[in-house]
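Visitor: Only the shape, not the letters, is given here:
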């Protein structure tokens, strides 16, 4: 978990500017198996923003991952929101202003989930280990008592 959290970009420290959505579109992906077919919807947008007098253009929504939906209506609602409100908050890397996103999404929560899950798995492993030790001791005691003459 710690590795994932450390590699996560410090988006919470990125600066913000106002940007404008200039184009929206939908990408469709159809996944087919022997028994089913699933369509995935990826709402996409291009936006512009200005930092220190220089205008940048980007289509990156999140730093990692692309927002997707299995529901066409939810994906279309996302596009309509961008079309109805083209002014967006742009988060950009102050060291490299060309790196920008319009959704601030940090993986710190994922790091906590991984840590808690790891502790749970370690706890279960410890419980199994201690149960094995208990049964080993009990078997040795039973063997000794069976070997002793009465």
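Guide: Noted; the coordinates are in hand. Note that this is a predicted model, so its numbers are computed, not measured.

Visitor: What lies in contact with stretch 99-106?
Guide: Stretch 99-106 is contacted from outside by 8-9, 11-12, 14, 19, 45, 47, 49, 56, 58, 60-65, 67, 88-93, using Cβ atoms under 8 Å, 6 or more residues apart in numbering. (Each C-beta comes from the backbone N, C-alpha and C, glycine too.)

Visitor: Just the buried ones from those?
Guide: 8-9, 11, 14, 19, 45, 47, 49, 56, 58, 60-61, 63, 88, 90-93 (16 or more other Cβ atoms under 10 Å).

Visitor: Least confident secondary structure element in the chain?
Guide: Lowest by mean pLDDT, DSSP states H and E among the helices and strands of the chain is helix 2-7, with a mean of 47.

Visitor: Quick one: name whatever helix or strand follows it.
Guide: For helix 2-7, the following helix or strand on the C-terminal side (DSSP states H and E) is strand 15-32.

Visitor: now for that following strand, which elements pack on it?
Guide: In terms of contacts (3 or more Cβ pairs under 8 Å, 6 or more residues apart in numbering; DSSP states H and E), strand 15-32 is packed against strand 37-51, helix 72-84, strand 87-92.
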